[in-house]
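Participant: show me how the following folds:
(one chain, ligands or ions: 1)
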Amino acid sequence: MSDLDRTLLDLAAAAAELAYTPYSNFRVGAALVTGSGEVFSGANIENAAYGACVCAETNAITTAAAAGTRRIEVVAVVCLDGDLCTPCGNCRQVMREFGVKRVVMRTGEGEPRSVPLEGLLPESFGPEALG
Ligand code: THU
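Facilitator: Here you go, the predicted model:
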């Protein structure tokens with residue numbers, strides 16, 4: 001595993017410890033590195049109105065975007081209460097907006113698994129379609 005992937009997975013696991021999940025008890029953390037080498041992280045934050053729940057990946061990405069980030073290279077995703085956590089469809093689309101190249105996850109045995117975003121969201125719709 002590369003140093004970058006290990007660092008991002010560790011940061012994602014640390015972020016997951018701060019998840020707010022009274023409804024699902026399913027804690028997820030995400031950490032990312034931007035095109036300029038900055039690192040951001042986030043956790044899932046749930047809400048009594050379930051539709052207002054925010055996933056860990058979207059939380060980390062929107063935090064980076066609000067700080068001015070427009071290019072994201074890699075996103076790591078870790079869940080503490082299950083095996084491999086692959087990003088939900090909505091988060092895959094949020095990743096697409098900022099050019100995420102790959103997603104790294106961790107299996108229940110702690111093995112890394114790195115997947116190109118194209119593999120998670122083939123033939124996708126993105127910002128360039130709007131000119
Ligand atoms: N969740 C994430 O944070 N990321 C995903 O990609 C999958 C699901 C969260 C949302 C909700 O708080 C909990 O996991 C159960 O779906």
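Participant: report the separation between the most centrally placed residue in the chain and residue 70.
Facilitator: For the chain, the residue sitting closest to the mean C-alpha position, by Cα atoms, centre = their mean, is residue 57 at 3.0 Å. When distance is defined by Cβ to Cβ, to the nearest Å, residue 57 is 17 Å away from residue 70. In this view, the C-beta of every residue, glycine as well, is placed from N, C-alpha and C.
Participant: which of the helices or strands spans residue 90?
Facilitator: Using DSSP states H and E, residue 90 falls within helix 89-97.
Participant: what residues of that helix count as buried?
Facilitator: Neighbour-count burial for helix 89-97 flags 91, 92, 94, 95, 96 (criterion: 16 or more other Cβ atoms under 10 Å).
Participant: report the distance from that helix to the chain centre.
Facilitator: Counting by Cα atoms, centre = their mean, to the nearest Å, helix 89-97 is centred 9 Å from the centre of its parent chain.
Participant: go on, stretch 65-84?
Facilitator: On the basis of Cα atoms, centre = their mean, stretch 65-84 sits 3 Å off its chain's mean C-alpha point.
Participant: closest to the ligand out of the buried residues of helix 89-97?
Facilitator: Among the buried residues of helix 89-97, residue 91 lies closest to the ligand (Cβ to the nearest ligand atom), at 4.9 Å.
Participant: in this protein, where is pLDDT below threshold?
Facilitator: Regions of the chain meeting the criterion pLDDT under 70 are absent.
Participant: name the SS class of the closest residue to residue 38 other than its chain neighbours, please.
Facilitator: Counting by Cβ to Cβ, 6 or more residues apart in numbering, residue 69 is the residue found nearest to residue 38 once chain neighbours are left out, at 6.7 Å. The three-state label given to residue 69 by DSSP: H, G, I helix; E, B strand; the rest coil is coil.
Participant: coming back round to it: gap between the residue nearest to the centre of the chain and residue 23?
Facilitator: Between residue 57 and residue 23 the distance is 18 Å, computed by Cβ to Cβ.
Participant: do residue 90 as well
Facilitator: From residue 90 to residue 23 the distance is 17 Å (Cβ to Cβ).
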